[in-house]
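Q: show me the folded form of this:
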Amino acid sequence: MDYSYLGSGKVYVRVAGAAAGLRFVGNVTDLSFNVTEDNKELKDRTQPGGGTYNEVRRIGSVEATIKMTDFSPENLAMAAYGAASAIAATPVTNEAHTAYRGGFVSTLYPIDTTATVTVNAAGSPATPYTAGSDYIVRGGGLEIPSTSTIVDASSIVVDYTPKAGDKVEALVAAAQEYEFVFDGLNEARSGKTVKITAHRVKFGPAAALALLSEEYGALEVKGKLLKDTTKNGTTVSQYFVAQIVE
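A: A predicted model of the protein is given here:
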């Protein structure tokens with residue numbers, strides 16, 4: 001039987017032991033396991049010329065690599081040891097900032113540029129500024145033109161409606177252990193199923209996060225398969241299992 005392999009498929013993950021469904025991570029362009037060995041060699045000293053008298057080979061570790069091209073909040077949180085939460089489209093009033101001509105005012109949330117945005121001088125009475133000449137609304141805040149009537153170091157307040165979405169606070173969580181499942185198809189065998197289940201995987205953070213690039217962005221994380229002591233290790237692997245349809 002021909003068991004040639006060219007894979008495609010979907011990857012699902014969840015925190016190990018969580019009472020939750022496995023989450024589809026989106027498009028994955030690389031999924032691989034790399035096995036390293038620890039070798040113990042006993043040199044042959046019984047005769048000239050050397051050689052190996054005996055050898056013991058042990059598995060050192062199994063490393064997993066996954067490269068995700070979907071920058072979803074959940075994937076970014078996994079790759080940046082972060083925490084994801086929702087941004088509600090609840091109007092914000094009197095958000096205080098200090099403005100400078102020729103500078104950028106970064107608002108707390110992304111702005112819904114289709115909704116009304118007002119900028120006033122802080123204090124009473126609230127003196128309004130003019131959109132387009134005193135400030136320009138951008139997705140992430142306000143540009144203050146060099147010709148604005150807003151004086152440098154002015155205290156301003158902004159009313160706006162956030163654009164609904166998500167935020168990820170990076171580097172606020174410890175490394176998580178994940179269970180993941182590859183629900184694969186072997187295109188070299190007419191799309192027959194190849195299923196891989198890894199019981200415990202601990203990923204490191206993404207080594208790079210390319211935010212400006214000529215290529216599509218990717219979140220590449222690497223980790224190690226850990227021993228799952230709930231499996232017996234004889235008839236059931238404590239690391240991963242592969243299931244191949246004939």
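
Q: quick one: low-confidence parts of this structure?
A: Along the chain, the model assigns pLDDT under 70 to no residue.

Q: most centrally placed residue in this structure?
A: residue 76 (2.5 Å; C-alpha atoms, centre = their mean).

Q: what is the burial count for the closest residue to residue 72 other than its chain neighbours?
A: Nearest non-adjacent residue to residue 72, counting by C-beta to C-beta, 6 or more residues apart in numbering: residue 26, 6.2 Å away. Heads up, the C-betas are built off the backbone N, CA and C, glycines and all. For residue 26, the count of nearby residues is 15 (other C-beta atoms under 10 Å).

Q: try residue 68
A: 26.

Q: and the helices in this protein?
A: 73-79 (DSSP state H).

Q: from what I can see the residue nearest to residue 72 touches residue 73, true?
A: No - counting by C-beta atoms under 8 Å, residue 26 stays clear of residue 73, with 11.6 Å between them.

Q: which residues touch the closest residue to the residue nearest to the centre of the chain other than its chain neighbours?
A: Excluding its sequence neighbours, the residue lying closest to residue 76 (C-beta to C-beta, 6+ apart) is residue 168, at 4.8 Å. By C-beta atoms under 8 Å, 6 or more residues apart in numbering, the residues touching residue 168 are 73, 76-77, 80, 82-84.

Q: who does residue 168 form a beta bridge with?
A: residue 84 (DSSP bridges).

Q: distance check, it against residue 112.
A: 20 Å (C-beta to C-beta, to the nearest Å).

Q: can you get me a residue count around residue 18?
A: 13.

Q: okay, it and residue 178: tell me how far apart.
A: In terms of C-beta to C-beta, residue 18 sits 9 Å off from residue 178.

Q: residue 120 is in contact with residue 130, isn't it?
A: No - applying C-beta under 8 Å as the test, residue 120 and residue 130 come out as separate, 11.0 Å apart.

Q: which one's more surrounded, these two?
A: Between residue 120 and residue 130, counted using other C-beta under 10 Å, residue 120 has the larger neighbour count: 15 against 11.

Q: which residue is the nearest non-sequential neighbour of the more buried one?
A: residue 126 is the one closest to residue 120 (C-beta to C-beta, 6+ apart), at 4.0 Å.

Q: before we move on, what about residue 106?
A: Going by C-beta to C-beta, 6+ apart, residue 106 has residue 141 as its nearest residue, at 4.4 Å.

Q: then residue 147?
A: residue 133 (7.2 Å).

Q: residues contacting the one you found?
A: Counted by C-beta under 8 Å, 6+ apart, residue 133 has contacts 145, 147-149.

Q: what do you get for residue 109?
A: 87, 92, 162-163.

Q: select only the buried ones of those residues in ChimeraX?
A: Buried residues within those, by 16 or more other C-beta atoms under 10 Å, are selected in ChimeraX with:
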select :162,163
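
Q: so which of the contacts of residue 109 sit within strands?
A: 87, 92 (DSSP state E).

Q: for the contacts of residue 109, give me JSON lines that also has distance to residue 58.
A: Shown next, in JSON lines, are the contacts of residue 109 (distance: C-beta to C-beta, whole Å):
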{"residue": "87", "distance to residue 58": "49"}
{"residue": "92", "distance to residue 58": "59"}
{"residue": "162", "distance to residue 58": "55"}
{"residue": "163", "distance to residue 58": "54"}
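
Q: list just the nearest of the contacts of residue 109 to residue 221.
A: Among the contacts of residue 109, residue 87 lies closest to residue 221 (C-beta to C-beta), at 24.5 Å.
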